[in-house]
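Visitor: fold the stuff below for me.
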Amino acid sequence: MQGYNLIVLYDPSCERILMCRRKKDPYNGLYNLIGGKIEPGEDHLEAAYRELYEETGVGKESVDLIHLMDFTYYLQDCYVEVYAGRLKKEVFVSGDENELFWSDLNHDFFNMKLYAGEGNIGHILEQVNMYADRILK
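Guide: Numbers count the residues shown, from 1 in each chain. Presented below is the predicted three-dimensional model:
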């Protein structure tokens, strides 16, 4: 079963999250969280930090990621691990795989015409809000 990760990265003020606009399928043209594949035998938390760095240039020293939740898609033979964290300080983000941007939080992240994941982004952000004192400290 192939593993993937998604990372909810908050700016230091917790007023924005880093998102991307996908350039390929699945979800071509839709907004998504950052992340990617977990390689066979790779430590899952290290995979999240690796993908974060590869996609954005943000290093492990800039954020403490918390493993928030998992989704298992048995019919698609894959699973997604979700991590969240708050930047310790402002950093420059840069990536060439997808267009990166900082999004404020007053959007309907359940809108499947704009956001990837069949409403999961909205659900994930609701979970972060429920445990913000533990995740975004």
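Visitor: in this structure, which spans are helices?
Guide: Using DSSP state H, the helices found in the chain span residues 44-56, 120-130, 132-135.
Visitor: let me have these in JSON lines, extended by mean pLDDT and mean neighbour count.
Guide: Glycine gets a C-beta too; all of them are placed from N, C-alpha and C. As requested, these are exported to JSON lines (pLDDT from 0 to 100; neighbours: other Cβ atoms under 10 Å):
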{"stretch": "helix 44-56", "mean pLDDT": "98", "mean neighbour count": "19"}
{"stretch": "helix 120-130", "mean pLDDT": "97", "mean neighbour count": "17"}
{"stretch": "helix 132-135", "mean pLDDT": "93", "mean neighbour count": "13"}
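Visitor: now those helices as JSON lines including distance to Leu114?
Guide: Listed next are the helices of the chain as JSON lines, based on distance: least, Cβ to Cβ, whole Å:
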{"stretch": "helix 44-56", "distance to Leu114": "20"}
{"stretch": "helix 120-130", "distance to Leu114": "10"}
{"stretch": "helix 132-135", "distance to Leu114": "24"}
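Visitor: out of those helices, flag the one nearest Leu105.
Guide: Closest approach to Leu105 among these is made by helix 120-130 (7.4 Å; Cβ to Cβ).
Visitor: next up, the contacts around Gly59.
Guide: Tyr53 (Cβ atoms under 8 Å, 6 or more residues apart in numbering).
Visitor: how about it, phi and psi?
Guide: Note on Gly59: its backbone torsions stand at phi -90, psi 160 [degrees, to the nearest 10].
Visitor: pLDDT at it, what is it?
Guide: The model reports Gly59 with a pLDDT of 97.
Visitor: and if you look at the one 10 residues further on?
Guide: The pLDDT attached to Met69 in the predicted structure is 98.
Visitor: just for this protein, where's the confidence low?
Guide: Along the chain, the model assigns pLDDT under 70 to no residue.
Visitor: hmm, 90 instead?
Guide: Within the chain, the ranges that satisfy pLDDT under 90 run 96-97, 137.
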